[in-house]
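# For reference, the sequence and a predicted model appear below.
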Amino acid sequence: SEHTFQEVIVDVRVCFQIVMMNRSFMVWIGTAQGGFAHLDTAMMTHMDTVPASSTLLGDGGEGLGASLAKRLSLKTGCQVLVSWNLPGQQQLLQAAVEKRLLDELTKLLPPPA
């Protein structure tokens, strides 16, 4: 299933798109101008307590998409794909975007077994 929403966060209109799949999901985060310059993935493995991750497209958005994918995978246990397309590296914006995304994912993901 697909879920989209927008919110003004730290004076930036942030657009979110979440595509839910079987034990995985993809998150696109950007502005109304769109763009798909980066794609990172992360997933838990039986070999480590830290999610394995890889950049699939672009330079990884200065590591923002990769680090978010790792944190989301760790919190949800799912394979996660993240396309982070917001300008700059404002820490306050990043933290607020992640919090808003987690609030929404809590509604979409089934409760842990």
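That came through fine.
# And the helices in the chain?
For the chain, the helices defined by DSSP state H occupy 64-76, 91-108.
# taking the ones you listed together, which one is wrapped up most tightly?
Looking across the helices of the chain with neighbours counted as mean count of other CB atoms under 10 Å, the highest average goes to helix 64-76: a mean of 21. Every C-beta, even on glycine, is put in place using the N, C-alpha and C of the backbone.
# For Gly63, which residues are in contact?
Not one residue lies near Gly63 by CB atoms under 8 Å, 6 or more residues apart in numbering.
# so where's the chain shaky on pLDDT?
60-62, 112-113 (pLDDT under 70).
# that older thread, I'd like the helices of the chain as a markdown table, with distance to Cys15 appended.
Listed next are the helices of the chain as a markdown table, based on distance: least, CB to CB, whole Å:
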| stretch | distance to Cys15 |
| --- | --- |
| helix 64-76 | 15 |
| helix 91-108 | 11 |
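# right, and the ones you listed - which one's nearest Ile9?
helix 91-108 (4.7 Å; CB to CB).
# Specify the residue positioned farthest from the middle of the protein.
Computed with CA atoms, centre = their mean, the maximum C-alpha offset from the centroid of the chain is found at Met47, amounting to 23.1 Å.
# Tell me which of the helices of the chain sits nearest to His3.
Short answer: helix 91-108, nearest of the helices of the chain by CB to CB, at 6.1 Å.
# Figure out how far that closest one is from the centre of its chain.
Distance, stretch centre to chain centre, for helix 91-108: 9 Å (CA atoms, centre = their mean, to the nearest Å).
# Stretch 102-110 too?
Using CA atoms, centre = their mean, the offset of stretch 102-110 from its chain centre is 12 Å.
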